[in-house]
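**Q** let me see the structure of the following:
(chains A and B)
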Amino acid sequence: MQDRMARSLSFAWFSWKNLWRRKLRTLLTVCGIGMAVGAFVALVGFSRSFEHEWLRMYESSGTDIAVVQKTFLNTSVDEMAGARLQSLSSVAAATPMILNMMDLTPEINALVYGWRADSYEFDGLTLMSGRRFRDGQPEVMLGELLASNLHKQAGDTLEIQGSRLTIAGVYHGGSALEAGAVIMPLDELQQIASLQGKVTAFHVRLRPVPAGESPDAYLKNAQAQIEAALPGLRAVPAAQRASNNQIVLLAHAAAWGTSSIALLIGILGIANTMAMSVLERTREIGILRALGWKSWRVMLLIQSEAAALGLVGGVFGIAIGWGSLHLLAWLPRTSSITPPAFSPSLLLQAMGVAVVAGLAAGAIPAWRGAHLLPVEALRHD
Amino acid sequence: MTSPLLEARELRKGYDDGRIAALRGVSLSIEAGDFVAISGPSGSGKSTLLQLLGGLDTPSAGQVLYRGEALGRAINLDDYRSTEVGFIFQAFYLLPTLRAIENVQVPMMALRRESSTRAQRAEALLCELGLEERLNHYPHELSTGERQRVAIARALANQPTLLLADEPTGNLDSENSARIMETLIGIQKSRGMTMIIVTHENDIAASAPRHIRIRDGRIESGKGAS
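**A** Sure thing, here's the model as predicted:
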């Protein structure tokens, strides 16, 4: 009776059968595109979560504007500019800060912030143990993630650049960039890093928006006021600073550059598979053409196979990317920088990239296959 | 006066930049419902003629008219092959990854028929040809005779007016060969189809009411042909 159960042949089923006839080749191709998409998901996801955490850090502290050097990223803003900044009518609070990256142990590096003990940025942190550090004292505070990675607690000591510093407290931060960071007195960091009188930026909280004025217009006016008062410096809104600072841009560029190379290799893998498949199936393509299949329908069949390779590779790649991001979040060297963030837009982008990669790779083999003369294709051995 | 169903006018076909002439000016006309056998020695051009009549290839010179209209000009070759012609090949040319019932549905996919309709029609055709127990078998699980019957079912899938068979018994033993010919003649009669068979077997050629002999790319004998 099983023989009598009629099976209808759909286009998708036909494509799948063509792919599955060479199981090993199909699986290897899926692995290839999967690795490429996995690299894309992991690298782009990593750089995006970096940006996201940066924004969260500003939001949790209530920073509206960052005042930075117009051109340089380095710590070269004159600390004395703070007094002028504080005197402006739109500024409620301005606090200097230094941002640096340091190797704390051979395995663990972390962001190190230099703040003043009275900085409003402490508002975004919750003290979990110990106390806040004091200016001018060899003390630090550790984010809970970093404290855990270093197996340190309040009262222990930490050595930075040869200086022995007491861990005054351990805090919970709103952002992974804080949870995995060290915060220490600005003057102490300036001394350790030989940056006396210099800061990376001023973080600014604006006064409340006056009635009748739009927040956007108020922000723009404040920017203009700050830049007019401090020539050579740039006032950047927090959201823009989070997405458009050199570190984040560099991370994005590196992520896209590296994953583009991986994707190119993946595309070549699919192109090779599809070219081999079309060559092997030349006679079968001739049969389809002899049975009245138009060129575009043959092309659609081959392209659907290429797209399916991309799609399955994409799903596999997302799984690899997800695993990689979790691995990065677990490794001490990278856990302090970012948590595994997986946005729906990244998933859609990854699937889109995978399918487009498949279609691009299948285009030439599909065109060649579809334009074979039926009689010549039938003669093919 | 009505046009013949199929007409070849001074067909010429050359290969290798014309150095090899497969057909050297063949003209013939075939009426609806005719059963025609084309025979000749190997390399005589009989398969080339069938390929041109079936729209699988285009002539170097001359033209093929279907119901008075030129193939490749007034009539699109893909449309012609999908709606008007059913092909049967010596080597069956079944798709190895598809079951018998799926193979029969392949030509119907060119016409965008509903998948359930396709499956029902494929099943009906295979049952008609005595393959009701072989619907879900792959080509390699079928005997050569069964494979050719699947190929016949596939050729009939889109209810063509023309059935073109190129050495349909060439790969079969005598018993299967006789059975396939009996099937083809039965189909031609019951459906009133026009059938053209290319063969090198004299007894098969003799069984057709009209027999055209071809040699060295020219018609040697045959009523209505030159």
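
**Q** rest of the way, CA atoms for contacts and neighbours
**A** Fine.

**Q** which residues touch B:Thr183?
**A** Neighbouring residues of B:Thr183 by CA atoms under 8 Å, 6 or more residues apart in numbering or on different chains: B:Leu129.

**Q** what about the strands in chain A?
**A** Assigned strands in chain A, in chain order: A:65-69, A:77-78, A:91-103, A:109-115, A:126-130, A:139-143, A:157-160, A:163-172, A:182-185, A:198-199, A:201-206, A:233-237 (criterion: DSSP state E).

**Q** of all these, which lies closest to chain B?
**A** strand A:109-115 (56.1 Å; CA to the nearest CA).

**Q** next, the angle strand A:91-103 makes with the closest one.
**A** Orientation note: strand A:109-115 sits at an angle of 150 degrees relative to strand A:91-103 (axes from the mean of the first three to the mean of the last three CA atoms, to 10 degrees).

**Q** tell me the contacts of the spatially closest residue to A:Ala290 that is not a sequence neighbour?
**A** Once its chain neighbours are removed from consideration, A:Ala290 has its nearest residue in A:Pro374; the separation is 5.6 Å (CA to CA, 6 or more residues apart in numbering or on different chains). With contact set as CA under 8 Å, 6+ apart, A:Pro374 has these partners: A:Ile285, A:Gly286, A:Ile287, A:Arg289, A:Ala290, B:Leu56, B:Asp57.

**Q** next, find the distance separating A:Ala308 from A:Pro365.
**A** Between A:Ala308 and A:Pro365 the computed distance is 15 Å (CA to CA, to the nearest Å).

**Q** so which residues on chain A come close to chain B?
**A** A:3-10, A:14, A:17-18, A:21, A:284, A:287-294, A:297, A:373-375 (CA under 8 Å from any CA of the partner chain).

**Q** go through those residues and flag which are in helices.
**A** Filtering those for membership in helices, criterion DSSP state H, returns A:Phe14, A:Lys17, A:Asn18, A:Glu284, A:Ile287, A:Leu288, A:Arg289, A:Ala290, A:Arg297, A:Pro374, A:Val375.

**Q** buried ones in stretch B:106-114?
**A** Of all the residues in stretch B:106-114, those buried under the rule 16 or more other CA atoms under 10 Å in any protein chain shown are B:Val106, B:Pro107, B:Met108, B:Met109, B:Ala110.

**Q** again with stretch B:2-19
**A** B:Leu5, B:Leu6, B:Glu7, B:Ala8, B:Arg9, B:Glu10, B:Leu11, B:Arg12, B:Lys13, B:Gly14.

**Q** so for that stretch, first residue to last residue, what's the gap.
**A** From the first residue to the last, stretch B:2-19 extends over 38 Å; the measure is CA to CA.

**Q** give me the mean pLDDT for it.
**A** Stretch B:2-19 shows a mean pLDDT of 89.

**Q** what's in contact with that stretch?
**A** Where contact means CA under 8 Å, 6+ apart, the residues beyond stretch B:2-19 that reach it are B:20-32, B:48, B:53, B:59-68.

**Q** which of those fall in helices?
**A** Assignment to helices by DSSP H places the following of the contacts of stretch B:2-19 there: B:Thr48, B:Leu53.

**Q** low-confidence stretches in the chain?
**A** You didn't pick a chain, so chain A it is. Per-residue confidence for chain A (pLDDT under 70) gives these ranges: A:1-6, A:71-73, A:332-342, A:381.

**Q** let's do chain B instead
**A** Counting by pLDDT under 70, the ranges of chain B that qualify are B:1, B:222-226.

**Q** what residues of the longest helix belonging to it count as buried?
**A** Of all the elements of type helix in chain B, the one with the most residues (DSSP H) is helix B:174-191. The neighbour-count criterion (16+ other CA under 10 Å) identifies B:Asn176, B:Ser177, B:Arg179, B:Ile180, B:Leu184, B:Ile185, B:Ile187, B:Gln188 as the buried residues of helix B:174-191.

**Q** need the buried ones from the contacts of stretch B:2-19 selected in PyMOL.
**A** To isolate in PyMOL the members of these that are buried, counting by 16+ other CA under 10 Å, one can use:
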select buried, chain B and resi 21+22+23+24+25+26+27+28+29+30+48+53+59+62+63+64+65+66
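
**Q** now B:Val36, what's its secondary structure?
**A** strand (DSSP: H, G, I helix; E, B strand; the rest coil).

**Q** hang on, the earlier thing: now mean neighbour count too, for the strands of chain A, in CSV please.
**A** Listed next are the strands of chain A as CSV, based on neighbours: other CA atoms under 10 Å in any protein chain shown:
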stretch, mean neighbour count
strand A:65-69, 25
strand A:77-78, 21
strand A:91-103, 19
strand A:109-115, 22
strand A:126-130, 15
strand A:139-143, 26
strand A:157-160, 15
strand A:163-172, 21
strand A:182-185, 27
strand A:198-199, 24
strand A:201-206, 25
strand A:233-237, 22
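
**Q** B:Leu94: which of the ones you listed is closest?
**A** Using CA to CA as the measure, strand A:109-115 is the one of the strands of chain A that comes nearest B:Leu94, at 64.0 Å.

**Q** how many neighbours does the residue of chain A at minimum distance from chain B have?
**A** Ranked by CA to the nearest CA, the top residue of chain A for proximity to chain B is A:Gly292, at 3.9 Å. Per other CA atoms under 10 Å in any protein chain shown, the neighbour tally for A:Gly292 reads 29.

**Q** I'd guessed it sits against B:Glu84; true?
**A** No: assessed by CA atoms under 8 Å, A:Gly292 is found out of contact with B:Glu84, at 9.6 Å.

**Q** list the contacts of B:Asp34.
**A** Taking CA under 8 Å, 6+ apart as the contact definition, B:Asp34 lies against B:Met193, B:Thr194, B:Met195, B:Ile196, B:Pro209, B:Arg210.

**Q** quick one: the helices in chain A?
**A** A:11-20, A:23-61, A:81-86, A:144-150, A:176-179, A:186-192, A:215-229, A:238-244, A:246-280, A:282-290, A:295-330, A:332-335, A:344-370, A:374-379.

**Q** can you give the distance of the last one from its chain's centre?
**A** What that stands for is helix A:374-379. Offset of helix A:374-379 from its chain centre (CA atoms, centre = their mean, to the nearest Å): 51 Å.

**Q** give the buried residues for it.
**A** In terms of neighbour count (16+ other CA under 10 Å), helix A:374-379 has its buried residues at A:Pro374, A:Val375, A:Ala377, A:Leu378.

**Q** residues in contact with B:Leu111?
**A** B:Leu111 sits next to B:Ser82, B:Thr83 when contact means CA under 8 Å, 6+ apart.

**Q** are we agreed that it is in a strand?
**A** No: with three-state DSSP as the criterion, B:Leu111 is located in coil rather than a strand.
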